[in-house]
Each structure stands twice: as C-alpha cells, then as structure tokens.
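K.L.:
Structure of the sequence below:
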Amino acid sequence: MPSMPHKETPQSEAAPVRASSQSTMPASSPSEEETTQQQKALRPVISGPASGHRLHTFTLPDSTGQPVGMWQYLQRSNVLLVLHHGRNCAACDAFLQTLAAHLETYRQEETAVLAIGPDEPAENQQMAARLGHPFPFLSDPAGRVVAQQGLVLPSLVIADRWGDIWAAWLGGTAHHFPSEQDIVQWLSFIEIQCPECYDG
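P.N.:
Modelled structure (predicted):
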C-alpha cells in the first residue's frame, strides 16, 4: 500500500516546481537536507481517494491522427497519464522509455497509459515507433489538458476507472517522479478499493 499523505490540493505552479528543481540527484550519498528536499519533490500534489479531483474529459489526436478520448477508458481501466515536454526533452523521453518497459505490469493492474505532449501527430509517430508503440501518444500543442488539471509540465497522474484522481506528481525541472514500485503500489491499492474489479 502506498504511503497516504494528508489530503493536499494543487499548489501554485511556482511552489512545487521550485521544490522539485532543488532536488537534484547527488553523485554520492545524499545529505539529510538533500533527502528531505527530494522527498518533498516526490510528495503528490494530489493524494488519496478523498482528493475530490477528477480527470477532465478530453479528445486528442494520437500519432496516427485518430481521435482518442477519455470516454474510451472510463469504467474500463485505470489511467496512468503522463504529461510531458515532448520529443526534444531527453528527461521526458527517458521516463517514457521506463514506462514502456513496465507496460505489462500496468496491464496486470488494469491500467492504461496515455502520454500527452505538445508535439504534432507526425512527430509523435516517430517517438511511438522508436519505443515500439507501447501506448497512445496524444498531441496537445496548446497544453489544454495540463491547464485543465491545474498542473504543469512534466506531470504524472494516476486515476481510477471512474476518472477520480488518486495521485498526481509534478516532476519539476529535475524531472523527479515516483519509483516504479511506488506507481505499482498506487495502482494495486486502487484495484483493492474496487471489490468487483479486484480478483486477488
């Protein structure tokens, strides 16, 4: 079960990003202050089943130009939503590669991954092909979805099959995101809360 911090609401864009940007990974063992800063950076800005936050509905073109909407996932699967800077960001690219490598684990947790960035469909097609087309790469040049959610790039959002957000993180300039283990713990915890969904 993931750690469940007290209920938090999204803060202003400046505060979370500033906290994240101070938390760079040191080459040696982190000092107590650095560890504290990194833990603050990895604290969800939205957390818990009573957060009251929901994913806003959206329809965006995928890498082939076909429309993909949130309605296609509602009541079918949980959603791991990655809001990234696009193909020119090496850190975002590395994180997307990590998610692609663990895609089967997410599927076992009844979770679909969606990557939303500013690139046009043709550029997303190149990125998707390079990663083996693991999940939909959606085009949002205007940044409408991230603005609707009150977040900033890059961000990671975990929502259940009804669109309720259980956790969301801001990566900040250092692109600090929760570990794979933490992500899976959140997804497992969500599944357990749904008796008709959980078969464990």
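K.L.:
Run a quick check on A167 versus P49, I expect a contact.
P.N.:
No: using C-beta atoms under 8 Å, A167 is not in contact with P49; the gap is 10.0 Å. Backbone N, C-alpha and C define where each C-beta goes, glycine included.
K.L.:
Overlap of the contact sets of the two?
P.N.:
With contacts taken as C-beta atoms under 8 Å, 6 or more residues apart in numbering, A167 and P49 have no neighbour in common.
K.L.:
Name the residue in the two with the higher neighbour count.
P.N.:
Neighbours were counted for A167 and for P49 using other C-beta atoms under 10 Å; A167 has more, 25 against 14.
K.L.:
okay, the helix or strand the more buried one falls within in CSV with CA atoms only?
P.N.:
Assigned by DSSP states H and E, A167 belongs to strand 165-170. C-alpha atoms of strand 165-170 as CSV (Å, rounded to 0.1, in the frame of the first residue of the first chain):
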residue,chain,number,x,y,z
ILE,A,165,-7.6,11.2,-9.4
TRP,A,166,-5.8,9.3,-6.6
ALA,A,167,-2.3,10.7,-7.0
ALA,A,168,-0.5,13.3,-9.1
TRP,A,169,3.1,14.5,-9.1
LEU,A,170,4.9,17.4,-10.6
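K.L.:
C-terminal to it, which secondary structure element comes first?
P.N.:
That would be, after strand 165-170 and using DSSP H and E, helix 180-192.
K.L.:
follow-up on the earlier one: quickly run through the sheet partners of the strand holding A167, with directions.
P.N.:
Here strand 165-170 is paired, per DSSP bridges, with strand 46-47 (antiparallel), strand 155-159 (antiparallel).
K.L.:
tilt between it and helix 180-192?
P.N.:
160 degrees (axes from the mean of the first three to the mean of the last three C-alpha atoms, to 10 degrees).
K.L.:
For strand 165-170, give me every contacting residue.
P.N.:
Residues from elsewhere that reach strand 165-170, judged by C-beta under 8 Å, 6+ apart: 2, 10, 16-17, 20, 42-49, 51, 53-55, 149, 151-152, 154-160, 177-178, 186, 189-190.
K.L.:
Mean confidence (pLDDT) on it, please.
P.N.:
Mean per-residue pLDDT for strand 165-170: 95.
K.L.:
the helices in the protein, which residues?
P.N.:
For the chain, the helices defined by DSSP state H cover 14-21, 32-41, 90-101, 103-108, 121-130, 144-148, 180-192.
K.L.:
Which of those sits closest to T64?
P.N.:
helix 121-130 (6.9 Å; C-beta to C-beta).
K.L.:
distance between that closest one and the chain's centre?
P.N.:
Centre-to-centre, helix 121-130 and its host chain are 19 Å apart (C-alpha atoms, centre = their mean, to the nearest Å).
K.L.:
Having no further points to raise, I will conclude here.
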